[in-house]
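Asks: how does the following fold in three dimensions:
(one chain, ligands or ions: 2)
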Amino acid sequence: MDNHDEPPRRSGDSRSNNSILYIVVAIVVAFFIAIYFIRPSRDTITPAQLVDLIDAHEPDASGKPVGSLAIENSKGKKILYSNLRNATVSKSMVSAVVDREDLDADNKDIASSKEKGAPIVTYLPGDEQSLNEITDALKAHGFKDYSGDPGDGFLEIYGGLLFMTALIVILFYLMMRRLGGAGSAIAFGRSRGKMHMQDDLNISFEDVAGIEEAVEEVKEIVDFLRSPDKYQELGGRIPKGVLLVGPPGTGKTLLAKAIAGEAGVTFFSLSGSDFVEMFVGVGAARVRDMFQQAAAKNPCIIFIDELDALGKTRGSGMVGGHDEREQTLNALLVEMDGFDSNSGIIIIAATNRPEMLDPALLRPGRFDRQVLVDRPDAAGRADILKVHVKSVKLDESVDVKKVASITAGFAGADLANLVNEAALLAARKGKPAVSMEEFDEGVERVTAGLEKKQRVMHEEEKNRVAYHESGHALVAYCLPNTDPVHKVSIIPRGLAALGYTMQRPTEDRFLMTQGELESRIQVLLAGTVAEEMVYDEISTGASNDLERATELARGMVTDYGMSRLGRVNYRQSGRSAFIPEAPDERMRSHSEETTREIDLEVKRILDEMLQKTRSLLSDRRDSLIALAERLIEVESVDGEELRRVIEEHSHGPRIVPGTDSPKRSRPAGEADKPEEGDAPSAEGAS
Ligand SMILES: Nc1ncnc2c1ncn2[C@@H]1O[C@H](COP(=O)(O)OP(=O)(O)OP(=O)(O)O)[C@@H](O)[C@H]1O
Ligand SMILES: [Zn+2]
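Replies: Ligands and ions are numbered 1, 2, ... in the order given. This next block holds a predicted model:
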């Protein structure tokens, strides 16, 4: 493994920003310590001590107290001691300024070491007894209600301190605000520290294996970066933002680097989580700065890893930090809208949770191009292994294909890790070359690690998913009015789906005939039907299939008048069944009886479709088994191979009689559209 493969982000420089924070905190702390030492000395005493202090002094003959006592409340307002109670109900701080001239001699323990005239501060509790004691003591010693000048009051002493603190806080705040402003002059918070820049990456598409489809999709970007003029002349619109979507470790970062390497442009990289900072505005400033730096280096690629960290749906965050993220996200959106797509800057972002992203990020002119970076199938894993074993000495016992076959569920990074483990094991044993034994051992180790993260599929689970997906694919293949199957796979994709069957829509769908809707329902049901045929019972993996099938059947009844309830629209909102909405919203306006009839009719349609699907699949049982076995073996099968496997094992005609009635035909105008679709749609993910 080359070490340039290691993502260089999160190197030491992420600390630099924190250290600025530490410095600021240190300054504030130092300030308070300094204030503590230079402030006038003051004692804090308890109410009881205050009483003692007063008691220690007999009034003189005229009844005038010795010394003087000024009492203020915490706001620095002079108060009458007879009002002490009111002033202290809320345990407010009261400072009593005692003229120490005479007190010092008698009250050594409290006041002896202190300067004369320094205020004595006490927290007077609201409790009756202490208050009574204090006021009694004051009265007994002839204190009149205070009216004189208290000297240094609370505000005079603390006021300065408060003022300075407020000043610092305000300055600090302004500094942060300034950073939020365009093109700040202060270097603090610049993304230079966080953003990694690599000028001559020597990573090419050859280093990226097992994800050919993704590589194909991004080749256009390389072309554009190499010769932007050509594209500009032709007036082609190049995407500004490309979103690489896929599970962790599948090579998204690697692919982005390879694009930069192939095109020979500068590669800026940073992680979405780096943007989310403690202080509002820092992340936003970083985004702006990043674009500035990139503009100076164009053509270039900006790679944002973990886009979901900053691009989470707005308003979904916790209370703290969410403001900051919102600002950062907005800054990113503004910057992306601001630059011309022909400027030579392409932003590539990676995420393994596309569903978490704020929809605004996916709008045209932003990350409007999505590239799926999937877990590799068996052949892909062999290719990835070949890339990584290049730097390792192998003995002849190692069969890369065999290693690939025992590493189902491994992503590219796991395979790289495996090769590394095997090499380390061999070195530890003092072997001259890595043998199959070390690979077997390595697989065990890596698997144990992955099992904790629940990323490995067990054999039995894998087989079940293979039958399930084969069911979807076979029915989609056999029924006449469905979109052609583009790919079937049992490689887990995303976090929820265990496998998937991908159909390419033949055209943009605005209309669907009843037959097409029925076929679609059958395709959705076919996954569980296949499971049921082989395992006698179905699994929980299919709840989404059933949900979607039910939704379609309900649409037929309530929206399109395609049921025994007649040609009536039972839905008031008039929206399409393709837009899922809460069932209760739809049902609101009918009587209970109608609702029941609708439910029964939906059930009847589903039952009928289930029956058809069952007979279709049992007629094609051989094909189903062959397809599933092939899937278990190679994990993903494309449309071409699918056709071959099914036809080789089929005995029946392609169009199953009874599923297509002569009455049904495509709506006029649709037939002459080109037989090829653009966006693949996942169908029947289980
Ligand atoms: N398709 C692949 N071909 C060759 N090597 C791969 C592939 N995928 C991953 N690797 C190896 O795994 C390492 C880590 O992969 P990378 O960081 O690109 O994954 P990622 O998808 O960006 O992961 P994450 O989502 O965790 O950021 C790579 O540097 C490379 O060594
Ligand atoms: Zn399914």
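Asks: and the residue nearest to Pro247 when sequence neighbours are not counted, how many neighbours?
Replies: With sequence-adjacent residues excluded and distances taken as CB to CB, 6 or more residues apart in numbering, Pro247 is closest to Asn352, at 5.4 Å. To be clear about C-beta, it is placed using only N, CA and C from the backbone, and glycine gets the same treatment. By other CB atoms under 10 Å, 19 other residues sit near Asn352.
Asks: taking this structure, what residue is nearest to ligand 1?
Replies: Residue of the chain nearest ligand 1, by CB to the nearest ligand atom: Gly412 (2.0 Å).
Asks: mean confidence (pLDDT) on the helix or strand containing Leu167, please.
Replies: Using DSSP states H and E, the element containing Leu167 is helix 154-180. Here helix 154-180 scores 69 as its mean pLDDT.
Asks: now do stretch 197-214
Replies: 87.
Asks: between the two ends of it, what distance do you get?
Replies: End-to-end distance for stretch 197-214, by CA to CA, to the nearest Å: 24 Å.
Asks: tell me the first helix or strand C-terminal of the helix holding Leu167.
Replies: Next helix or strand after helix 154-180 toward the C-terminus (DSSP H and E): strand 196-198.
Asks: report the buried residues of that next one.
Replies: Along strand 196-198, these residues count as buried under the neighbour rule (16 or more other CB atoms under 10 Å): 196, 198.
Asks: tell me which strands that strand pairs with, and in which orientation.
Replies: Paired neighbours of strand 196-198 in the sheet (DSSP bridges): strand 266-271 (antiparallel).
Asks: quick one, strands of the stretch 301-450 of the chain?
Replies: Counting by DSSP state E, counting those that start in this stretch, the stretch 301-450 of the chain has strands at residues 345-351, 369-372.
Asks: would you map the strands across this protein?
Replies: Secondary structure of the chain, counting by DSSP state E: strands at 43-45, 69-72, 93-98, 119-123, 196-198, 241-245, 266-271, 300-305, 345-351, 369-372, 485-489, 500-503, 636-638, 681-683.
Asks: for the record, mean pLDDT for the first one?
Replies: With pLDDT averaged residue by residue, strand 43-45 scores 61.
Asks: same check on the second one?
Replies: Strand 69-72 shows a mean pLDDT of 61 in the predicted model.
Asks: lowest average confidence across the strands of the chain, which one?
Replies: Mean pLDDT across the strands of the chain is lowest at strand 681-683; the value there is a mean of 39.
Asks: check contacts around the nearest residue to Ile304 once chain neighbours are set aside.
Replies: For Ile304, the nearest residue in space outside its immediate sequence neighbours is Ala349; the separation is 4.3 Å by CB to CB, 6+ apart. Neighbour list for Ala349: 241-244, 272, 303-305, 307, 311, 367 [criterion: CB atoms under 8 Å, 6 or more residues apart in numbering].
Asks: top of these by number of neighbours, please.
Replies: For the contacts of Ala349, neighbours were counted using other CB under 10 Å, and Leu307 has the most, 32 neighbours in all.
Asks: nearest spatial neighbour of it, skipping sequence neighbours?
Replies: Take Leu307 and drop its neighbours on the chain: the residue closest to it by CB to CB, 6+ apart is Ala349, 4.0 Å away.
Asks: report the beta-bridge partners for the one you found.
Replies: Leu243, Ile304.
Asks: and the pLDDT at whichever residue of the stretch 201-350 of the chain sits closest to ligand 2?
Replies: Evaluated by CB to the ion, the stretch 201-350 of the chain has Pro247 as its residue closest to ligand 2, separated by 18.9 Å. You'll see Pro247 listed with a pLDDT of 86.
Asks: that one reaches Ala411, doesn't it?
Replies: Yes - using CB atoms under 8 Å, Pro247 is in contact with Ala411, at 6.0 Å.
Asks: between these two, tell me which one has more neighbours.
Replies: Under the neighbour definition other CB under 10 Å, Pro247 and Ala411 were set side by side, and Ala411 has more, 26 against 20.
Asks: distance of that one from Gly246?
Replies: Using CB to CB, to the nearest Å, we find Ala411 at a distance of 8 Å from Gly246.
Asks: anything in contact with each of these two?
Replies: Arg375.
Asks: how about the contacts made by Lys219?
Replies: By CB under 8 Å, 6+ apart, the residues touching Lys219 are Phe205.
Asks: roughly how far apart are it and His388?
Replies: If you go by CB to CB, the gap between Lys219 and His388 works out to 23 Å.
Asks: likewise Leu255?
Replies: Counting by CB to CB, the gap between Leu255 and His388 amounts to 16 Å.
Asks: give me the more crowded residue out of those two.
Replies: Neighbour comparison, Leu255 and His388: the larger count goes to Leu255, with 27 against 23 (by other CB under 10 Å).
Asks: contact partners for that one?
Replies: Taking CB under 8 Å, 6+ apart as the definition of contact, the neighbours of Leu255 are 208, 211, 214-215, 218, 244, 373.
Asks: same thing but 6 Å
Replies: The neighbours of Leu255, taking CB atoms under 6 Å, 6 or more residues apart in numbering as the test, are Val208.
Asks: give me the number of residues near Glu233?
Replies: Every residue meeting other CB under 10 Å relative to Glu233 is counted, giving 9.
Asks: swap that for Asp368, sorry
Replies: 15.
Asks: per-residue pLDDT of the closest residue in space to the residue of the chain closest to ligand 1 that isn't next to it in sequence, please?
Replies: In space, not counting the residues next to it along the chain, Gly412 is nearest to Gly251; the distance is 4.3 Å by CB to CB, 6+ apart. pLDDT recorded at Gly251 is 93.
Asks: any idea how far Gly251 is from Met336?
Replies: Using CB to CB, Gly251 is found at 24 Å from Met336.
Asks: more neighbours: those two, which one.
Replies: For the pair Gly251 and Met336, the greater number of neighbours falls to Gly251 (29 against 20), based on other CB under 10 Å.
Asks: enumerate every residue touching that one.
Replies: Contact criterion CB under 6 Å, 6+ apart gives 208, 211, 412 as the residues in contact with Gly251.
Asks: mind doing that once more with 7 Å?
Replies: Residues in contact with Gly251, defined by CB atoms under 7 Å, 6 or more residues apart in numbering, are 208, 211, 373, 412.
Asks: how about the second one, nearest residue that isn't a chain neighbour?
Replies: Right, Ile211. For Ile211, the nearest residue in space outside its immediate sequence neighbours is Val373; the separation is 5.5 Å by CB to CB, 6+ apart.
Asks: how many neighbouring residues does that neighbour have?
Replies: Here the number of neighbours of Val373 (other CB under 10 Å) works out to 28.
Asks: begin at 6 from now on, thanks
Replies: Sure thing, new numbering starts at 6, so read that last one as Val378.
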